[in-house]
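Fold the stuff below for me.
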Amino acid sequence: MDLLNFDMRPSARPAPARPADMTGGWSIEVMPRTAAKIEDFRALLPAGTRVYIAHIAGTDIEDMVATARRLHEDGFPVMPHFPARGIADKAMLDEWIKRYRDEAGVTQALLLGGGYATPVGTFESSIQMIETGLFDHHGFTHLHVAGHPEGNRDIDHGGSTANVDSALLYKQDFASRTDAEMAIVTQFAFDTQSVTAWAERIADMGVTLPIHAGIAGPAKLQTLIQFALSCGVGPSIGVLHKRARDLTKLLMPYEPTEVVAGFADYKARHPHSLISQLHVFPLGGIKTAAEWMKNHAPAEAELIAT
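I've put the predicted structure just below:
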């Protein structure tokens, strides 16, 4: 048994994971209005970076498709959000899928319930969109779904995880019936342990889908707290509150250094974890987040390696 292997010679120790291992293949999220401010994504993002396009309530599908087309033409894999509660019916969903595919070359989708207090039509959940069979029918190759390491009180009103767990098991079962590759993308968190503990728990439930762990890019502390409260980030928001009480850090921009290093260290000790890569929420700006991921992570890797 590995637990009884006391050979601690340097040659017997596994090499520690470096943050560069976790930042390889990272993805990033944009909105049409934020993407419009970027002159050239090719000068900013590594080739092959998957770009998610968030569909915020009130955003016109024309703007979503135009942004997807621009990014696709620049050579990036594009994954637009499909918010179930913002889609009126099966006909509208079919139209959106066909427009993304035909006008923007998109064959990837992130399926969400969506941040709508009241559904605009017949869909309330991503499962209902999945059950239409439209994504497979139109040849979508990648379908990602949301993960909730810190729970979701919009789904489990009592604070349990019963409903989100049940939904995740359904999606795991669907993964065996679809031709599309599936993965779980989480909300951003500021405490690595809350995400890794959740990853272990759902693995014990039988989930095998890879997890793309959400992190917040560099931003002002006040900005992060505002986003965290509006997005329903759970216990890990305490990390920000603790930072806010430290006067030496209050005015310093937040950087995800500790979070990235934490995931890298965890992956070194648990190489078979479902956590496979990072997904960046550029809350302090796309350029700031992209530059940090490209430039800061290698320096951090040297720190961890010593």
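
Would you map the strands across the stretch 1-150 of the chain?
27-30, 51-53, 78-83, 108-112, 142-147 (DSSP state E, counting those that start in this stretch).

In JSON lines: those, plus mean neighbour count.
C-betas here are computed from N, CA, C, even on glycine. Shown next, in JSON lines, are these (neighbours: other C-beta atoms under 10 Å):
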{"stretch": "strand 27-30", "mean neighbour count": "22"}
{"stretch": "strand 51-53", "mean neighbour count": "24"}
{"stretch": "strand 78-83", "mean neighbour count": "24"}
{"stretch": "strand 108-112", "mean neighbour count": "23"}
{"stretch": "strand 142-147", "mean neighbour count": "23"}
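
Go through the ones you listed and name the closest to Leu221.
The closest of the strands of the stretch 1-150 of the chain to Leu221 is strand 27-30. By C-beta to C-beta, the value is 20.3 Å.

Parallel or antiparallel, list what pairs with the closest one.
Within its sheet, and counting by DSSP bridges, strand 27-30 is paired with strand 51-53 (parallel), strand 275-281 (parallel).

Okay, buried residues for the last one please.
Applying a neighbour-count criterion of 16 or more other C-beta atoms under 10 Å, the buried positions in strand 275-281 are Ile275, Gln277, Leu278, His279, Val280, Phe281.

where does the protein dip in pLDDT?
Counting by pLDDT under 70, the chain contains low-confidence ranges at 1-24, 151-160, 222-223, 225-252, 296-306.

correct me, but Pro83 touches Gly58?
No: under the criterion of C-beta atoms under 8 Å, Pro83 lies out of contact with Gly58, with a separation of 11.3 Å.

Could you give the number of residues near Glu255?
Counted with other C-beta atoms under 10 Å, the burial measure for Glu255 works out to 17 neighbours.

Which residue comes closest to it once chain neighbours are left out?
The shortest distance from Glu255 to any non-neighbouring residue, by C-beta to C-beta, 6 or more residues apart in numbering, is to Pro218 (4.7 Å).

And for that neighbour, the neighbour number?
With neighbours defined by other C-beta under 10 Å, the count for Pro218 comes to 21.
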